[in-house]
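Student: Whatever this is, show me its structure:
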Amino acid sequence: MSSLTHAPTSVPATLAAAIRTGVALLAVAAFALSYDALRQMAAASHIHPALTYAFPLVIDGFIAIGIGALLVLRTAPLRPRLYVSALVGTATATSIWANVLHAIRLNQQARRPGLALDDITVGIISAIAPLALAGAVHLYLLVQRRPTHTEPPDVDRHTTTDTGPERDVAATTVAEETVDQVAHPEKPPATHRGRQPSATFAQAIEIGRTAPLGRGGRVSRRHIEKAIRDKGLGVGRERLDEVKESLQAELDRPRTDAV
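Tutor: Take a look at the predicted model:
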């Protein structure tokens, strides 16, 4: 009994490419927002001005690499996956904390006559960028791993997948008929007055019953034709095919009744 396996459903290549492009743009935008806040936090932490650009890359870059590592290690033992998950979680929490603190401190220092938000709202809004970055990287990797296919041209395709003894018998019959046609091509009808008379359908059936069977116990088109011509009669290709099919049906009927 064969086991059923469920392969992942593929998606059109154009759709997958469009999704990957959109997710990549989203990741770039989220990284830019988080990068600005983290670089200002690095400057406020008295990191050398020439190196403040590296602080956002360390934190947010670690998040992206860690998510990719989690997907690679999805079949690994539990301990390595927990370790990588803890590192990714720590980096994500650090990025969120730095973005929230940056927004709250600026909100406390700047008092503008326009729209003013409280510290909690500002902190929640500032946390969106690092969360969106982590989610976008995860989505991109998931879509990238999904199998894709190219839409074939719209043509009629009719294929059969039959297997078993019936298909083997049919293949043997086709091969036998092909060999018969190559070895004994149909002779063109003679144009002179002394040509052989054509056998009627009834005569061909009676003569065909006396012809020996071919390979596999099947009715042989070549043997039927030889037996008819030995009787001094001619037979056309179409009639010969009809006689062969009729005799084969007679031969198969007792087998069917026995089953």
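Student: all helices for this structure, in order.
Tutor: 13-44, 54-72, 78-109, 119-145, 165-183, 201-209, 221-230, 237-258 (DSSP state H).
Student: mean confidence for the last one?
Tutor: Think helix 237-258. In this model, helix 237-258 has an average pLDDT of 77.
Student: So which bits of that helix are buried?
Tutor: R239, L240, V243, K244, L247, Q248 (16 or more other C-beta atoms under 10 Å). The way it works is simple: take the backbone N, C-alpha and C, and place the C-beta from them, glycine included.
Student: Check stretch 54-68 too.
Tutor: F55, P56, I59, D60, F62, I63, A64, G66, I67, G68.
Student: K226: which of the residues you listed is nearest?
Tutor: G68 (73.5 Å; C-beta to C-beta).
Student: So which of the helices of the chain is nearest R215?
Tutor: Here helix 165-183 is closest among those (C-beta to C-beta), at 6.3 Å.
Student: so who does R209 touch?
Tutor: For R209, the contacting residues are L247, by C-beta atoms under 8 Å, 6 or more residues apart in numbering.
Student: looking at the helices of the chain, which one has the lowest mean pLDDT?
Tutor: helix 165-183 (a mean of 54).
Student: give me the number of residues near T200?
Tutor: By the measure other C-beta atoms under 10 Å, the count of residues near T200 is 12.
Student: separation between it and V243?
Tutor: 10 Å (C-beta to C-beta, to the nearest Å).
Student: One more: R222?
Tutor: Counting by C-beta to C-beta, the gap from R222 to V243 is 12 Å.
Student: I'd assumed L233 was in contact with S198.
Tutor: Yes. S198 lies in contact with L233 (C-beta atoms under 8 Å); the separation is 6.8 Å.
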